[in-house]
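Q: Predicted structure and sequence below. I'll ask about it afterward.
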Amino acid sequence: MKQKPIIVIGAGMCGVSTAIWLQRFGHRVILIDKGQPGMGASFGNAGLLAQWAVDPVTSPKLWWKAPKYLTQRNSPFFMKWGHLPSMLPWLVKYMSHANDNDTRQIVRGVIPIVSDAVEQHKSLVRGTTLEKWIVDSKFSFVYPSEAAFKQDGYSWKMKALAGLIPKVILGAAGARGRANTGTCDGVSCRIGRAGPCD
Ligand SMILES: Cc1cc2nc3c(=O)[nH]c(=O)nc-3n(C[C@H](O)[C@H](O)[C@H](O)COP(=O)(O)OP(=O)(O)OC[C@H]3O[C@@H](n4cnc5c(N)ncnc54)[C@H](O)[C@@H]3O)c2cc1C
């Protein structure tokens with residue numbers, strides 16, 4: 001009997017990756033999109049294969065960040081107050097996860113998904129002209145002050161669960177070399193899996 005094709009709906013990063021692997025496993029695949037391939041969230045993103053992004057937004061630190069976020073128009077969590085009644089049930093549930101136990105559970109779940117992101121992308125483009133675009137590199141976090149770095153300690157505790165231990169460079173020179181931080185006593189942290197930090 002002729003094998004039936006597998007239909008993948010959505011030709012973004014997830015759909016395309018799924019389709020490629022299904023083909024590699026010998027399946028016939030039909031990839032469908034309501035628009036053009038790669039024009040959803042996968043279009044024009046920052047292009048970072050974020051292996052370090054293991055700590056979720058819903059962590060205990062959200063409790064003291066949320067009030068600021070909710071009132072700042074450019075924040076990732078800005079809310080128009082008119083929407084509060086309809087948003088409230090979701091918000092309560094969302095914030096109920098902003099505790100240490102749930103955060104650790106999320107981190108444990110995310111680590112196996114993101115830890116090999118670079119290798120996964122390399123294997124997707126192997127043998128194509130896109131190979132040159134996937135490179136391993138270190139990633140720098142730059143803080144305006146040591147106090148700001150210490151305030152972010154919980155994130156680093158969570159990243160440590162994934163084996164991501166930063167090399168910390170104190171002082172404005174180190175920070176300025178990595179980002180335009182103006183005149184500040186910066187802290188710069190480098191993490192990566194591409195070998196020892198330079
Ligand atoms: C500005 C921005 C920057 C980002 N930067 C990064 C980054 O640096 N690193 C990182 O890891 N992630 C980043 N992300 C997140 C990342 O881009 C997304 O998580 C990822 O692209 C999601 O891929 P996807 O395939 O799930 O969704 P999409 O790329 O949105 O693909 C979904 C596809 O499904 C199609 N579709 C939807 N409904 C239907 C339907 N009913 N029938 C047919 N087709 C349908 C859409 O047209 C679309 O093409 C960024 C996102 C944004 C918006």
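A: Structure received.

Q: What segments of this structure are strands?
A: With strands called from DSSP state E, the chain shows them at 6-9, 29-32, 139-143, 167-170, 187-191.

Q: among these, where is the model least confident on average?
A: Looking at the strands of the chain, the lowest mean pLDDT belongs to strand 187-191 (a mean of 66).

Q: in the lengthiest helix in the chain, what's buried?
A: Ordering each helix of the chain by length in residues (DSSP state H) puts helix 100-114 first. By neighbour count on 16 or more other C-beta atoms under 10 Å, the buried set for helix 100-114 is 103, 106-107, 110-111, 114. From N, CA and C alone the C-beta is placed, and that goes for glycine too.

Q: Tabulate the strands of the chain (TSV), appending mean neighbour count.
A: Formatted as TSV, the strands of the chain follow (neighbours: other C-beta atoms under 10 Å):
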stretch	mean neighbour count
strand 6-9	14
strand 29-32	14
strand 139-143	20
strand 167-170	16
strand 187-191	22
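
Q: Quick one: those strands as a markdown table, columns for distance to the ligand too.
A: Shown next, in a markdown table, are those (distance: least, C-beta to the nearest ligand atom, whole Å):
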| stretch | distance to the ligand |
| --- | --- |
| strand 6-9 | 5 |
| strand 29-32 | 5 |
| strand 139-143 | 11 |
| strand 167-170 | 22 |
| strand 187-191 | 16 |
